[in-house]
Every structure is written in structure tokens, then in C-alpha cells.
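Q: Quick one: sequence and predicted model below, then my questions.
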Amino acid sequence: MKHVQKANLSGWVAPILVGIILYCLTPIRPAGLSAASWQMFAVFVATIVACISKPLPIGAVTLTGLVVTVLLGLAPVKDVVDLKTGAVTNQGILSAFGNDASWLIAMAFIMAYGITKTGLGNRIAYHMIKLFGKRSLGIAYSITGLELVLGALVPSNSARTGGIVYPVVKSISTTYGSQPNDPSRKKIGAFLDFVAFQANTLSTALFITGAAPNLVAVAGAQQKGYTITWVSWFLAALIPVLVGAIIIPIIVYKMFPPEIKETPNANSWAQGELDKMGAMSVSEKIMTGTFLLAIVMWILSGFPFFAKLPQFSSTFVAFIAVTILLVTRVLSMKDVLGVGGAWNILIWLSVLVFMANKLTTYGFIGWFAKTISSDLHGMPWGLVLVILLVVYFYAHYFFASGTAHVTALYLPFLAVAVASGAPLALAAMLLAFDSAIMSSTTHYANGPASILAASGYVDQKEWWKSSFILGLVYMIIFFGLGSIWLKIIGLW
């Protein structure tokens, strides 16, 4: 007879307590906030606390938060539409699962499974070990270099990580016997997984096309009269990113010291494994062709002509790739349904993005920006800029989308900085860098964070703790060293 799984009742205490206390404070909420905006804030914070205390798996926790949102009358089940205009006046919870970023990540997980199933992942891993595998730190630097190169080519940071880098990381890790959700994850998997995320953060910061939020920041700077070009962004970010690329893998090495540190015979061992594998199978060749097709289409989507075509949407490209694998029988529908990580992340990331968007539509984020602006009035511009950068960075705890965050706060914060006397170019670029490095906060901060945090190599508590420390490192590099570098190249 099967028994009901033992519940983690203690895990419910903190989120329920936080949610009830915040909800009960509705009558004395800050001026300028509606009751609905404060109550939505209470539900969102309680859900995030539950994601940390984990009374249930994260997918179940976020679904619980979604149900509470409806029960409190903060969102309908279906979209409410104005019959005269046809416009959506209140988004229902079912719309949460139409989030394209979540679907891109889910499809990328399935592609990654295909790379593993066919053996292509092992083949790639053996080649990388053969070239860089004498030391685990060498593999980390090769992954960082791969991500930085891809940052110039693939304009979707989720596509870079989910479709290209994560499969390589997983294949190398499992090749060394380092499995996710297992004590063996500490052999090398946890180290490489976390390095891969930092590499994605750096590649996003290096190129104007590194991720969608960068382009939103560029548009915001343009509205204030400052033009950021591909070259000017690259030049401004070059030194901070290079410094980060050198020291951050070392810091992660200290945070997640791999049990496998040196493999002097890596070259001969990897070649021996490649010899055992023999020639590529038909399924490997199809997987390789599909993989390369996806990369080419993701690259082309960065060009204006192709960006206008729906066929080159990053998410749709991933759908095309998975469909090809199904049609050619490289993957079966059973395989697709069995990739639990894909469907788990589709649920919880979609829900968190929906709830964060509700904070914006109810006016909480707008109130937050205005409050910061009024509180900083009359301070020296240097202090104002520092406060704005730090608040902008940590405000990302309330966002599950970098694009939504930048859209809501970049221009208001830039306007406050310039009004205080801060040089326009300096404020514009530092806030733009902030838009990239703020992803180093949580496991839901952006697509790559969601992919790598859900891999099973780094647990949530480790992710939050290590990310907090690295967040401080990023701010020192990009705001401190970055300001000096921007001065040297004459931007202020």
C-alpha cells in the first residue's frame, strides 16, 4: 500500500507567517499604493520565501502562490477583455503559461536531452577534455571563453546557455562521474554549472546584443539623449568583463572546490574514449545538424532583417529543433514527456514572471521608483548614483524577467541620476551594466539562472548564498573598476 509522502510542515511556517503579516498591514500600507498592489506584494514575497524554505518542490510552491492570487481576487482565471476595444484589461492566470522565455528554456532542456541521448554530448565533452581537461580550472576557463564568443553570435542568453553551453557542462560533468542531485555533483558538476552561469552573465554584459534587456537599456539611454552603439558598449564593457572572466572562475573554484582538480592523463584517456565511440551514428549526425541549424538561426535573429521574421524568434527556433528531432525519431514523445526538468521549469518560471508582472501592472514598481527618486533629492550626485545602482541591482529580487525590470526602472533611475548632476554617459553605461549583472541575484533572475539552478548540481541555498557574494564582486568590478575605465576612455 502506497503512503502519502511525508510533508515538510516546518517549511510552511515562514512563508505563511510573512504572507499573513504583510497582508494584514494593507490598511497601513505606504501612501500611493493601492490595496491590490500591496496584497500582490505580500503574495509574491510569501511565494519567494516558500521557494527558499521548500515545504514543497518549487513547481508546487509557485502553483500554490498562483491559486492564492486568484482566491484573494488579485487575478482572474481567464483574461478579462474590454468588449468594445478588445483589449485585455486584466490578465488571467492561464496567460502565465504563454510566456515565451519559459517555453524557450523548456525546449532547450529537451534539446539538451537529445544531445545526451544520442551520445553527441559525450563526444563534445571528450574533445573539450582532450584540449583543456588537465585541470578543472582549465575546463572552467574554456567554458567561459566559449560563452564569451557565443555572446557575440547568439542574441538570446537563454538560447546560449540552454541550447549550447549547458549540454556541454552536463556532458563533461557526467563523463567525470559527477551526477546531478547526487553527492557526486561535488566532483566537478557544481563547479562547472556555477561557472557557466557566471560566464553567461559576463557575455551578456560584454555585448549590446547579449540579451534583450540590453536593448531596452539602449532605448532608455536614447530617450535621455545618449546614444550607445555596438562598438561603444563593447569598448566600455571590455576591461570589466575581462577582469571578471579572469578572477570569477577562481572565486567559484573556492566556493565549489571540485574533488577532481587535476587529470594529468586527460588527453590520452579522452582520446581512448573517443576511439571506443568510433564514428558518429546517424542519430548523432542528425542531432549535430539540428544543433547547428538552431545556432545559425539564433545568430541570424540578431540581424534586423531576420529579427522581423517570426520564424527566427529564439523560442520558435527551439520548437523547430525539437520538432525535427521528433520527426526524425531521434527523440520520441515519451522522451519529451520524460524530461521532467523542462516541464517543472515551465511551470515555476511562468508563474513567477506572471506574479512579478502583476506587481508592475498594479503600480507597485512605479511607486517604488518614485519613492527612491524623492528620497534622494538634494544629495551629491556621486552618492545618488551609488545608491541608485545598488537599489537597481537588489530590486531584481522582485523580478523574474530582466526585460520587465529594465523597462520599469532603467529610464526613471537614469533620469534621477542625471538630475542630481551625474554625467549622462557614466550613469547610462553603469545602469546598463547593472542590467546585466543583476541576474546574479536569484535562481529565477533570468533564463540562464533558471536553467542552471534547476540542473541539480547546485541547490537553491547554495545558489542564493554564492550569488550574493558574487553580486558584491560584480558591483566592485563593474561600478568601481568600470567607472575608472570609463574615465580613461573619456566617457565622462
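A: Nice, thanks for sending it over. A quick note: this is a predicted structure, and the numbers were derived from the prediction, not measured.

Q: Please count neighbours and contacts with C-alpha atoms only from this point.
A: Will do.

Q: how's the protein carved up into domains?
A: 10-96, 100-212+228-343, 345-488 (automatic domain parsing).

Q: Would you format these as TSV with mean pLDDT and distance to Ala219 included?
A: Shown next, in TSV, are the domains of the chain (pLDDT from 0 to 100; distance: least, C-alpha to C-alpha, whole Å):
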stretch	mean pLDDT	distance to Ala219
domain 10-96	89	26
domain 100-212+228-343	85	9
domain 345-488	86	9
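
Q: Of these, which is nearest Ala221?
A: Checking those against Ala221 by C-alpha to C-alpha gives domain 345-488 as the closest, at 5.9 Å.

Q: tell me how far the closest one is from the chain's mean position?
A: Centroid separation for domain 345-488 versus its chain: 13 Å, with C-alpha atoms, centre = their mean, to the nearest Å.

Q: mind checking which of the domains of the chain is nearest Gln222?
A: Per C-alpha to C-alpha, nearest to Gln222 of the domains of the chain: domain 100-212+228-343, 7.5 Å.

Q: Compute the first-to-last residue distance for that closest one.
A: 14 Å (C-alpha to C-alpha, to the nearest Å).

Q: again, but for stretch 473-491
A: First residue to last in stretch 473-491 (C-alpha to C-alpha) measures 23 Å.

Q: How about the contacts made by Gly482?
A: Contacts here follow C-alpha atoms under 8 Å, 6 or more residues apart in numbering; on that basis Gly482 touches 236-237, 239-240, 430.

Q: Now with 6 Å, please.
A: Applying C-alpha atoms under 6 Å, 6 or more residues apart in numbering to Gly482 gives the contacts Pro240.

Q: Give the helix, strand or coil label for it.
A: helix (DSSP: H, G, I helix; E, B strand; the rest coil).

Q: can you give me the strands in the stretch 51-200 of the chain?
A: Using DSSP state E, counting those that start in this stretch, the strands of the stretch 51-200 of the chain run over 80-81, 88-90.

Q: could you dump the ones you listed to CSV with mean neighbour count and distance to Gly456?
A: Formatted as CSV, the strands of the stretch 51-200 of the chain follow (neighbours: other C-alpha atoms under 10 Å; distance: least, C-alpha to C-alpha, whole Å):
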stretch, mean neighbour count, distance to Gly456
strand 80-81, 14, 38
strand 88-90, 13, 36
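
Q: which one of those lies closest to Pro30?
A: Of all the strands of the stretch 51-200 of the chain, strand 88-90 comes closest under C-alpha to C-alpha, at 23.8 Å.

Q: Skipping adjacent residues, who's closest to Met255 in space?
A: Leaving aside its sequence neighbours, Met255 sits nearest to Ser466 (C-alpha to C-alpha, 6 or more residues apart in numbering; 7.2 Å).

Q: nope, Lys358 is what I was after
A: Excluding the flanking residues, the one nearest Lys358 by C-alpha to C-alpha, 6+ apart is Met40, at 7.2 Å.

Q: what about that neighbour, how many neighbours?
A: Close neighbours of Met40, defined as other C-alpha atoms under 10 Å, add up to 26.

Q: again with the one 5 residues further on
A: Counted with other C-alpha under 10 Å, the burial measure for Val45 works out to 19 neighbours.

Q: same question, Pro257
A: Around Pro257 there are 18 residues (other C-alpha under 10 Å).

Q: That one and Ile188, how far apart?
A: 8 Å.

Q: What of Gly378?
A: Applying C-alpha to C-alpha to Gly378 and Ile188 gives a distance of 51 Å.

Q: Which of the domains of the chain sits closest to Gly220?
A: Judging those by C-alpha to C-alpha, what sits closest to Gly220 is domain 345-488, at 5.2 Å.

Q: re earlier: got JSON lines for the strands of the stretch 51-200 of the chain, with distance to Tyr176 too?
A: Formatted as JSON lines, the strands of the stretch 51-200 of the chain follow (distance: least, C-alpha to C-alpha, whole Å):
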{"stretch": "strand 80-81", "distance to Tyr176": "52"}
{"stretch": "strand 88-90", "distance to Tyr176": "50"}
